[in-house]
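> I need the structure of the sequence given here:
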Amino acid sequence: MKSIRNRLLVMLLVCIIVPYFFSVLAIYLYTKEKVERHEYRNSEVQLKKGSDELGQYLQDMANLPYILYLNSNLTRIFERGFEKEIYLNQLEVDKSFQSFYLMRKEIRQVRFFIAKGDDTFTVYDAKVSARKQRPDLAGTLPIQNLIQSDSNYLIEPPHLIQNYQGSAVMPSSDRTMVMTIHYKIKNILSNEFLGVVTMDIDLSRISTMCSRFLKEGELVLFTNEDGIVVYASDPTLIGKPLKTYSERSSANGRSGDITMSKPLPNEFGDWHLVKVTSSDYLYRDVRQTAYISAFFGVGVLILGLIMISFIANKISRPIKLLSHKVRKIEGGYTNIRFNVEGRDEIGHLERHIKDMIERIDLHIDREYRLELENKKSQYRAIQSQINPHFVYNALQTIGTVALRAKIPQIYQLVTSLSKMMRYTIRMGNWATVRDEVDYVKAYLDLQKERFRVELRHSISMDDTMMDMSVPVMILQPLVENFFKHCFEEGHYDSFLNIRGWLEEGNLKLMVENDGPGLSSEDLDGLRRKIYAVGNDTASSNDRIGLKNIHDRLILNYGQRGGFKVYSEHSKGFKVLITIPTHAKEEENHESSSCG
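As a prediction, the model looks like this:
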């Protein structure tokens with residue numbers, strides 16, 4: 001039983017605490033949305049500027065080897081091969097290599113591959129290595145991809161710097177992470193492949209451009225067209241697929257972070273600059289404000305509980321005493337002393353309760369006497385009823401007289417009526433399919449004699465289902481519906497078909513005819529009346545019969561039982577009944593009916 005104290009607590013929650021916390025939640029969500037919008041606007045501007053700078057930088061680096069075509073000495077070496085140009089001054093050649101190396105400070109290593117002669121030179125720390133023949137270099141995967149590509153350059157994902165010539169110029173301690181650009185050298189006129197210039201670029205310049213707009217709690221990623229991280233503010237991600245970060249974020253429960261991506265302009269449109277803002281950092285101040293508000297809300301709740309306790313002790317005590325008296329009355333003890341002198345609401349209630357108890361005592365005495373009279377009337381009504389067994393025996397006697405008078409037709413009709421009487425006398429709530437079919441056959445015999453026409457019908461039942469139990473009187477109302485809407489309206493040539501079979505653990509019963517059907521509107525209205533909850537007293541008798549069958553199926557089998565009606569193209573009428581063969585309700589009803 002709900003006490004006054006509990007109701008006051010609910011009132012406090014509904015009127016004060018819940019609205020307060022809802023307001024805190026609304027403010028939190030609104031502020032969070034404003035912070036998100038602000039972050040999106042700032043990030044959009046920063047990413048646009050950063051992507052433009054990175055795109056221009058990559059374009060400059062990709063176009064850098066064009067300057068080699070201005071050096072006639074290097075051009076002749078690439079066109080004729082180093083051996084044929086041996087008369088050239090070696091120091092001048094080395095100086096040309098060094099000049100190209102020193103053009104950008106982020107260039108860590110340059111390799112020159114001359115296709116004619118398969119000669120290679122490497123420049124590291126402004127020092128040119130000795131010439132080395134590498135006939136296998138043109139067959140390596142990056143060089144092959146570059147030669148077969150329409151593009152003049154190919155950019156590899158970041159990796160640790162490699163000693164191309166294996167010379168002592170590069171110390172083994174150099175573990176610089178570099179991005180490699182392979183540039184194809186061709187004859188400008190004939191488009192003949194002459195060699196490859198390979199540049200290893202450290203990520204310092206890219207790092208500077210990406211870190212300009214990096215703030216606390218943010219992560220910047222720079223990816224190439226294959227989704228490989230070229231640069232990241234987290235060094236452990238460099239050179240790895242972007243999905244590695246996504247998987248790590250999901251594993252750490254950081255799926256709420258804000259991620260924005262911007263493609264680079266022009267021919268580097270498949271490269272992306274990605275910015276990830278941590279939700280923990282972004283919403284830190286918002287959460288702190290929400291926590292403070294929630295803390296004050298808890299304080300309000302505590303003060304409310306103290307107020308409720310005070311009110312309950314001062315105000316609810318008379319109500320508790322009255323409630324105790326009412327519980328005594330519920331227990332049958334009516335000799336209770338009420339305080340009828342009170343002038344407040346409680347005193348008013350006690351006076352009315354006392355008057356009510358006195359009136360109840362008078363009503364109980366009168367109802368007791370009326371119940372006795374009703375019992376006597378019911379007994380006299382039962383004595384005056386005709387015994388149904390007497391009617392059944394009388395029909396059997398009439399049948400015997402008909403045989404003696406040599407009128408077998410009357411005997412057959414009386415026999416059919418006797419079968420129907422015996423079925424209705426003995427029936428409970430359940431019957432076998434065989435009994436239902438026999439009852440329908442007896443009913444058909446009577447209707448044949450009534451209409452004096454040849455009845456076109458068919459009854460086909462699966463032998464395996466004849467002894468299964470179904471709700472009683474489930475077929476006869478459907479057959480009666482056939483006579484009412486076909487024969488009584490003059491459609492004597494209509495055909496009645498009754499079928500039964502087992503399908504997927506369900507017993508199926510079909511009653512159909514080819515007489516007049518229903519329009520789509522009438523069929524929809526009939527279905528609404530059949531499937532409506534409760535009784536529809538405005539429906540006709542045949543409609544009540546259909547609804548009765550449907551309601552009994554739902555009552556016994558729930559949603560597993562089915563009752564569907566059809567009338568296609570306003571021709572004929574068909575009813576399909578579905579009964580589960582394994583139903584707990586069926587077993588219970590069978591045991592009760594057998595008893």
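
> when you work out contacts or count neighbours from here on, use the C-alpha atoms and nothing else.
OK.

> am I right that residue 459 falls within a strand?
Yes: counting by DSSP: H, G, I helix; E, B strand; the rest coil, residue 459 falls inside a strand.

> check which helix or strand the nearest residue to it once chain neighbours are set aside maps to.
Closest residue in space to residue 459, ignoring its immediate chain neighbours: residue 498 at 4.7 Å, by C-alpha to C-alpha, 6 or more residues apart in numbering. Element membership for residue 498 (DSSP states H and E) is strand 495-503.

> show me the beta-bridge partners of the residue nearest to residue 459.
residue 459, residue 511 (DSSP bridges).

> what sits against it?
457, 458, 459, 460, 461, 509, 510, 511, 512 (C-alpha atoms under 8 Å, 6 or more residues apart in numbering).

> tell me the confidence at it?
In this prediction, residue 498 carries a pLDDT score of 95.

> how many other residues sit next to residue 208?
Using other C-alpha atoms under 10 Å, residue 208 has 10 neighbouring residues.

> would residue 196 count as being in a strand?
Yes: under three-state DSSP, residue 196 sits within a strand.

> that one contacts residue 116, correct?
No: the pair residue 196 / residue 116 is not scored as a contact, 11.3 Å apart, by C-alpha atoms under 8 Å.

> looking at these two, which is more packed in?
It is residue 196, of residue 196 and residue 116, that has more neighbours when counted by other C-alpha under 10 Å, with 27 against 18.

> next one, pLDDT for that one please.
Per-residue confidence (pLDDT) for residue 196: 94.

> just list whatever residues bridge to it.
Residues in beta-bridge contact with residue 196 (DSSP bridges): residue 113, residue 184.

> quick one, what contacts it?
112, 113, 114, 115, 143, 182, 183, 184, 185.

> let's see 6 Å
Neighbouring residues of residue 196 by C-alpha atoms under 6 Å, 6 or more residues apart in numbering: 113, 183, 184, 185.

> likewise residue 227?
241, 242.

> sorry, back to before: Produce a ChimeraX select command limited to the buried residues of the contacts of residue 498.
Selection of buried members from those for ChimeraX, criterion 16 or more other C-alpha atoms under 10 Å:
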select :461,509,510,511,512
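
> now the two most distant members of the contacts of residue 498.
Farthest-apart pair in the contacts of residue 498 is 457 and 509; separation 15.4 Å (C-alpha to C-alpha).

> and the end-to-end length of stretch 164-183?
From its first residue to its last, stretch 164-183 covers 16 Å (C-alpha to C-alpha, to the nearest Å).

> same question, stretch 278-287
End residues of stretch 278-287 are separated by 14 Å (C-alpha to C-alpha).

> average pLDDT for it, rounded please.
Mean predicted confidence for stretch 278-287 is 70.

> before we move on, what about stretch 118-134?
Averaged over stretch 118-134, pLDDT sits at 89.

> now do it: distance to the chain's middle.
Relative to its chain's centre, stretch 118-134 lies at 63 Å (C-alpha atoms, centre = their mean, to the nearest Å).

> what does stretch 187-195 give?
61 Å.

> and it, what's buried?
193, 194, 195.

> how near is the residue lying closest to the first one once chain neighbours are set aside to residue 203?
Spatial nearest neighbour of residue 193, chain neighbours left out: residue 186 (4.6 Å); criterion: C-alpha to C-alpha, 6+ apart. In this structure, residue 186 and residue 203 are separated by 28 Å, where distance is defined by C-alpha to C-alpha.

> repeat that for residue 346.
Taken as C-alpha to C-alpha, the span from residue 346 to residue 203 is 86 Å.
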